[in-house]
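Enquirer: Need a 3D model of the following:
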Amino acid sequence: MSMQWHLYYVDFSKFSELSTWSDIEIHDRVLSKQNSLAIDDSSLIETALHEMAKGQCIPEHASLYAYAFEFLCCYFGTRVEQEGVDGCRWSWIDEVKIIEPLITSGPPIEFPLTENVLVGHLTPEGIAETIKQLSRYDTDEVLEPEQGEDPDILAFRCLFVSWLKETRLGEGIISFLL
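Expert: Reported below is the predicted structural model:
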């Protein structure tokens, strides 16, 4: 099974707006404007968004919440432009380590998830700290791999830091591994 990795720059404070929206606003603001995410049945996503807005998520709908949350990220944020589908090869994802918090931290708002979808995030503070920890990769220069370092992983680490640096003031990053 192949997996996709979607990343979004989002101001997390925007998610608090959701609880003030009416059912019509959820449809008009989010669903009617999201052509970039293909879905078979928008009514299921709409139901999940309503439950999330009311804080009444139920475990039986857990498989829908991550997809509904991605609609919110599209609405409130900007998709990170990723170079190629295979920017991060799954065969060495454990070795990359730097992205681990981004795929294991869970969503920045509470809702149930299923095991087959990973949602994670880095807060603006987490991004700043990560950039500081990865200062070696914060360069426009071509880096030479250290002994035993895979050149592809090195290139990905540099790309990852460049994504982090693209965030605007107050934005975090949300990750969906689907």
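
Enquirer: can we go C-alpha only for contacts and neighbour counts from here?
Expert: Fine.

Enquirer: mind listing the strands for this structure?
Expert: Assigned by DSSP state E, the chain shows strands spanning 5-10, 78-79, 118-122, 172-177.

Enquirer: Relative to Gly55, which of those strands is closest?
Expert: Shortest separation from Gly55 across those is recorded for strand 118-122, at 18.2 Å, computed as CA to CA.

Enquirer: the inter-axis angle of that closest one versus strand 5-10?
Expert: Here the directions of strand 118-122 and strand 5-10 differ by 40 degrees (axes from the mean of the first three to the mean of the last three CA atoms, to 10 degrees).

Enquirer: need the helix or strand of the protein with the lowest average pLDDT.
Expert: helix 93-96 (a mean of 66; mean pLDDT, DSSP states H and E).

Enquirer: any low-confidence regions in the protein?
Expert: Where the chain drops to pLDDT under 70, the residues are 1-3, 32-41, 83-95.

Enquirer: ok, which stretches of it are helices?
Expert: All helices of the chain, identified by DSSP state H, fall at 23-25, 42-54, 62-76, 93-96, 100-104, 124-133, 151-165.

Enquirer: just the angle between the second one and helix 62-76, please?
Expert: Read it as helix 42-54. Going by the same axes, to 10 degrees, helix 42-54 makes 80 degrees with helix 62-76.

Enquirer: Tell me how far helix 42-54 lies from the chain's centre.
Expert: 19 Å (CA atoms, centre = their mean, to the nearest Å).

Enquirer: Next up, the contacts around Ile131.
Expert: Each residue near Ile131 by CA atoms under 8 Å, 6 or more residues apart in numbering is listed here: Asp138, Val161, Leu164, Lys165.

Enquirer: Between these, which sits nearest Leu102?
Expert: Leu164 (11.1 Å).
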